[in-house]
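Asks: What follows is a predicted protein model with its sequence.
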Amino acid sequence: MRLVFLLVLALAVCVVLLAFPDIADQTLRLEAFGWIFETRQGTFMIALFMILLLVWLVRSLMVALLSGPGHIWQSLRLGSSNRRERRLQEAIARWLNGNGDLDPRLLKRSKGIFPEWAIEMLAVISTPARELPAPDADKGPLLTALTARMATSMLADFKPDLAVRKAHLRAWLQSSPNAALARARMADVLEEEENWPELVTLLEESWKKGLQSAAATKPRLVHAYLKFAESVPEQAPAILRKAYRLNPDDGKLLLAYGQAEIADGKSVNATRLWLNHLQFRDDMAIARALLLLLQQDEPMKNYRKLERKGSAGISHSLRWMRAELAASVKLDGLAREQMQLLADEADYPAAWESLGRWYEAAGEYQAAASCLNRALARAVGQQLS
């Protein structure tokens, strides 16, 4: 850097002397060690500049020789590299703007500008998803992740086959086991092929490692548990028990769990779970299932237990089930009174529907039609709201 500074300074002095020839023609006298040297100032500065330039060239040549022939070649083609870099930038800009594709020949000529891995990544990015190469274990994790991400992108016009996408994702997870996006996309693929056991294992592992948020994982894991339980009925109680612990307020899940317990001979546990759920939550699907269960074994005894519960502290669906249970044990007057009270207080569609059925069975068709119309209007209003 110092030598370059001296060269620039000498060149500046030479330019000044050329601008003022009178100063350049003045005599310069140097005395040293008994020697006397006389010359013109302009000639001396030009000679000094040439000497410094020669020293700089010799120094650069020595550095290049010591660095090897590759450095010399790189130094000689600086102008060509700048042109290739500019062309590459223009080509990438055209590709990003959708005005053309990246030329593979241009990528090959850019190896001196970009590192090899960057060239390979650009080639992957510019390749359509269906034309990407198969997963290669020799590729690094960066290129493996990018290839899998491009192959499984939701924005791809033509997605590869399910097996190809799964192979890419397996390679991605093998190179980067904790990649959250790879796990999310693998979950999509497993759900698409309905591979519920593997999906449950994947989501449970992500949950335990904390790789995905609870808000994103819990609903999906509960859905996977439900589907997995449907495919293996003999394991359904154990599987749905796990799901119930994750989301005890899910009515659909609780209904399936109760039915699995009944099939396993544990109807008492199903009754307890459903009653606890209906105590504070409206759920007509569970209420209807529980009504059928209570009607099968000592319905009068079951009704007496429910009768002890006050109407103020229980849900509307439980009040509806209690009135229906009373009707099933021939307590018609009490059942109609309870159901009418529920319909008047809560304008409950199921209560109006039950009243309509009872009036129709009694031959009171006008009252039945009025109740059923009220039930239909109320149900439509709830759906619209």
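Replies: On my side now, so go ahead.

Asks: pLDDT weak spots in the stretch 201-350 of the chain?
Replies: 310-312 (pLDDT under 70).

Asks: With the stretch 51-200 of the chain instead?
Replies: Short version for the stretch 51-200 of the chain, where the test is pLDDT under 70: 64, 66-82, 84, 88, 91-115.

Asks: all helices for it, in order.
Replies: Using DSSP state H, counting those that start in this stretch, the helices of the stretch 51-200 of the chain run over 69-76, 78-96, 104-109, 116-125, 141-151, 162-175, 180-192, 196-209.

Asks: Dump these into CSV; add distance to Ala238 and mean neighbour count as well.
Replies: C-beta here means a position set from N, CA and C on the backbone, and glycine is covered the same way. Compiled in CSV, those are given as follows (distance: least, CB to CB, whole Å; neighbours: other CB atoms under 10 Å):
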stretch, distance to Ala238, mean neighbour count
helix 69-76, 66, 12
helix 78-96, 52, 13
helix 104-109, 55, 13
helix 116-125, 44, 15
helix 141-151, 34, 20
helix 162-175, 27, 19
helix 180-192, 21, 19
helix 196-209, 12, 17
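
Asks: Ser126 and Arg165, how far apart?
Replies: In this structure, Ser126 and Arg165 are separated by 20 Å, where distance is defined by CB to CB, to the nearest Å.

Asks: typo on my end, Leu173
Replies: Distance of Leu173 to Arg165, given as CB to CB: 13 Å.

Asks: thinking again about what came up before, which one of the helices of the stretch 51-200 of the chain lies nearest to Pro133?
Replies: For Pro133, the closest of these is helix 141-151, at 7.2 Å, according to CB to CB.

Asks: Can I get the helices of the stretch 51-200 of the chain in TSV including distance to Asp347?
Replies: Shown next, in TSV, are the helices of the stretch 51-200 of the chain (distance: least, CB to CB, whole Å):
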stretch	distance to Asp347
helix 69-76	85
helix 78-96	59
helix 104-109	70
helix 116-125	60
helix 141-151	53
helix 162-175	49
helix 180-192	40
helix 196-209	41
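
Asks: does Ala12 sit in a helix or strand, and which one?
Replies: Per DSSP states H and E, Ala12 falls inside helix 2-19.

Asks: cool, Thr39 as well?
Replies: For Thr39, the host element (DSSP H and E) is strand 35-40.

Asks: Can you list the buried residues in that strand?
Replies: Buried residues in strand 35-40, counted by 16 or more other CB atoms under 10 Å: none are found.

Asks: thinking again about what came up before, between the helices of the stretch 51-200 of the chain, which one is nearest to His223?
Replies: With respect to His223, and counting by CB to CB, the nearest of the helices of the stretch 51-200 of the chain is helix 180-192 at 8.3 Å.

Asks: what's the closest one packed up against?
Replies: helix 141-151, helix 162-175, helix 196-209 (3 or more CB pairs under 8 Å, 6 or more residues apart in numbering; DSSP states H and E).

Asks: which helices and strands sit right next to the last one?
Replies: The one in question is helix 196-209. Applying 3+ CB pairs under 8 Å, 6+ apart, one finds that helix 196-209 makes contact with helix 180-192, helix 214-231.

Asks: and the longest one, how far out from the chain's middle?
Replies: Averaging C-alpha coordinates over helix 214-231 and over its chain gives two centres that are 17 Å apart (CA atoms, centre = their mean, to the nearest Å).

Asks: what's the angle between that helix and helix 180-192?
Replies: Taking axes from the mean of the first three to the mean of the last three CA atoms, to 10 degrees, one finds helix 214-231 and helix 180-192 inclined to each other by 30 degrees.

Asks: Check which residues of the helix or strand just after helix 214-231 are buried.
Replies: Once the chain leaves helix 214-231, the next helix or strand it forms, by DSSP H and E, is helix 236-246. Residues of helix 236-246 classed as buried by neighbour count (16+ other CB under 10 Å): Ala236, Pro237, Ile239, Leu240, Lys242, Ala243, Tyr244, Leu246.

Asks: Make JSON lines from those residues and add distance to Glu191 to it.
Replies: Written out in JSON lines, the entries for the buried residues of helix 236-246 read as follows (distance: CB to CB, whole Å):
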{"residue": "Ala236", "distance to Glu191": "19"}
{"residue": "Pro237", "distance to Glu191": "23"}
{"residue": "Ile239", "distance to Glu191": "16"}
{"residue": "Leu240", "distance to Glu191": "18"}
{"residue": "Lys242", "distance to Glu191": "18"}
{"residue": "Ala243", "distance to Glu191": "16"}
{"residue": "Tyr244", "distance to Glu191": "21"}
{"residue": "Leu246", "distance to Glu191": "17"}
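
Asks: Can you give me the neighbour number for Gln382?
Replies: Around Gln382 sit 10 other residues, with neighbours defined as other CB atoms under 10 Å.

Asks: just checking, it is part of a helix?
Replies: Yes. Assignment of Gln382 by DSSP: H, G, I helix; E, B strand; the rest coil places it within a helix.
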